[in-house]
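Colleague: Any chance you can model this:
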Amino acid sequence: MYLKEFITKMNTTKDIVRFYLELSLLTPIRKGKNYWFTDNEVESFQEIKNLQELGFSLKEICAIKELHDQSCGTKKQHEQNLRLIEEKIAENDAAIRELRHRKKALVALKKALKKLLIK
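Modeller: So this is what the prediction gives:
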């Protein structure tokens, strides 16, 4: 499929696709001046979106893809992916702690404001 059809199918924009092309996250076939997107690009795009939903940055996704392209299915790739996942879990744990701290402060503020309204 050509770019326009890919954009429609993936519910995305031309700018996002072009940016992913610049980062080599998508590597469609060139047909003259046009790109031809296959099921491989559809799968890659969906994987990019899945990784973003898990909190991975495009920089991290590029590193994952590079390692995949170099050492797919190897112990090295599995160890690297495990490390990245462990780091992401640690980041999420820190964010959860911060959100709990904020919530506690907001609840205290809410209590104080309610007391002022009762007076």
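Colleague: could you list every residue that touches the closest residue to Met1 other than its chain neighbours?
Modeller: Sequence neighbours aside, Phe37 is the residue nearest to Met1 in space, at 5.1 Å (criterion: Cβ to Cβ, 6 or more residues apart in numbering). No exception for glycine: its C-beta is placed from N, CA and C like everyone else's. For Phe37, the contacting residues are Met1, Tyr2, Leu3, Glu5, Phe6, Leu26, Pro28, by Cβ atoms under 8 Å, 6 or more residues apart in numbering.
Colleague: Report the buried members of those residues.
Modeller: Met1, Leu3, Phe6, Leu26, Pro28 (16 or more other Cβ atoms under 10 Å).
Colleague: in what helix or strand does Gln46 lie?
Modeller: Taking DSSP states H and E as the criterion, Gln46 maps to helix 39-53.
Colleague: now the helix or strand just after that helix, how far from the centre of its chain.
Modeller: Using DSSP H and E, the helix or strand that directly follows helix 39-53 along the chain is helix 58-71. Distance of helix 58-71 from the chain centroid (Cα atoms, centre = their mean, to the nearest Å) equals 12 Å.
Colleague: Thanks again, I'm all set now.
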